[in-house]
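Visitor: below is the sequence, then the predicted model.
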Amino acid sequence: MIIEEVSRFLIGILIGIPLGAYAYKKSYLEKKAAVLSILFSGVYLLAGVGVFITSLFFFFSSSMLTRLNFEYKRSIGASEKESGRSLAQVIGAGGVAALFSVLYVFSPHNIGNALLVGVYVAIASSNADTWAAEIGSLSKSKPRLITRPSQVVEAGTSGGVTLLGTFGSLLGSFLTAAVAMVISMVEHPTLAKIEIFSVIFILGWLGEVVDSLVGATLQVKYYCPKCNTLTDKRIHGCGSETIHVSGYTYITNEVTNIIATSVVSIVAIALELL
């Protein structure tokens, strides 16, 4: 068994090397982030072909959406860095799925399926969050804080929501669940059920909602006096130094991602074990 698992992990690494190099070349990821993505490739394939392919769908679909209307997003301060996503962002987006993938591989058989569903929910949640941000930033209406709808925030601010972004999160989670189900028909037929699809889709989307709630209430927020707006950034896009107004400085966007993804994944596992 150990030989088989090591082989799958190494094959995942070998497949991940050209994919990571491509992501770095296309500026989807920074160098350290690309290296970590290669390691994650091994971990995801270790958990199975379905997890691996679903993670690829998440990564490449989100990366392409990140580059959609990039100049416009940059002009309103809602774009990612031109060099690509950072190491911390990759951990925030893929770390929970990687952790539950390892737990799935080394878990007793009777809880394996539950952990696998948790992995898929983690990926769906990360995809929903990214699609919400990238599609929502193209909205013609200003985002509003999810906990205070009267409070307008700048595009890209955690906790800010738009109708277009909500549609994006629903679509991102739905398609992730669909990919997982199609692969499961071959790899894990016992998971290819409408009930499992619904759990992945709904909890994946709710992960983005939890992300917004944590982002609005606990995540660090700064105020730019020059632009009269809230932002997640210590130095605003205009170049001005901002003032800390709320939230905990150690709860960054990446920490928020991990909290939200962990919550919905654990809920999914608990539901499957009932």
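Guide: Happy to help now that I have it.
Visitor: quick one, helices of the chain?
Guide: Secondary structure of the chain (DSSP state H): helices located at 2-25, 31-47, 49-67, 70-75, 87-105, 109-136, 163-187, 194-217, 253-273.
Visitor: residues contacting Arg144?
Guide: Arg144 is in contact with Ser150, Gln151, Val152, Val153, Gly160, Val161, Thr162, counting by C-beta atoms under 8 Å, 6 or more residues apart in numbering. C-beta: built from backbone N, CA, C; applies to glycine.
Visitor: most neighbours, which of those?
Guide: Most neighbours among the contacts of Arg144, by other C-beta atoms under 10 Å: Gly160, with 27 neighbours.
Visitor: shouldn't Ser265 be in contact with Ala98?
Guide: No. Ser265 is beyond contact range of Ala98, at 11.5 Å (criterion: C-beta atoms under 8 Å).
Visitor: more neighbours: those two, which one.
Guide: Ser265 (27 against 24).
Visitor: for the more buried one, what are its contacts?
Guide: Val96, Ala97, Phe100, Gly118, Val119, Val121, Ala122, Ser125, Leu203, Gly207.
Visitor: which secondary element of this protein has the worst mean pLDDT?
Guide: helix 70-75 (a mean of 65; mean pLDDT, DSSP states H and E).
Visitor: Ile123 and Ser63: what is the separation?
Guide: 14 Å (C-beta to C-beta, to the nearest Å).
Visitor: these two: who's more crowded?
Guide: Comparing Ile123 with Ser63 by other C-beta under 10 Å, the one with more neighbours is Ile123, at 33 against 19.
Visitor: can you read off the pLDDT for that one?
Guide: pLDDT recorded at Ile123 is 99.
Visitor: for Ile243, same thing?
Guide: Reported pLDDT for Ile243: 91.
Visitor: just Gly77 next, same as before
Guide: 61.
Visitor: can you check Tyr250 too?
Guide: In this model, Tyr250 carries a pLDDT of 91.
Visitor: ok, it - contacts?
Guide: Applying C-beta under 8 Å, 6+ apart, the residues near Tyr250 are Val220.
Visitor: endpoints of stretch 245-257, how far apart?
Guide: End-to-end distance for stretch 245-257, by C-alpha to C-alpha, to the nearest Å: 21 Å.
Visitor: that's all I had, so thanks and see you.
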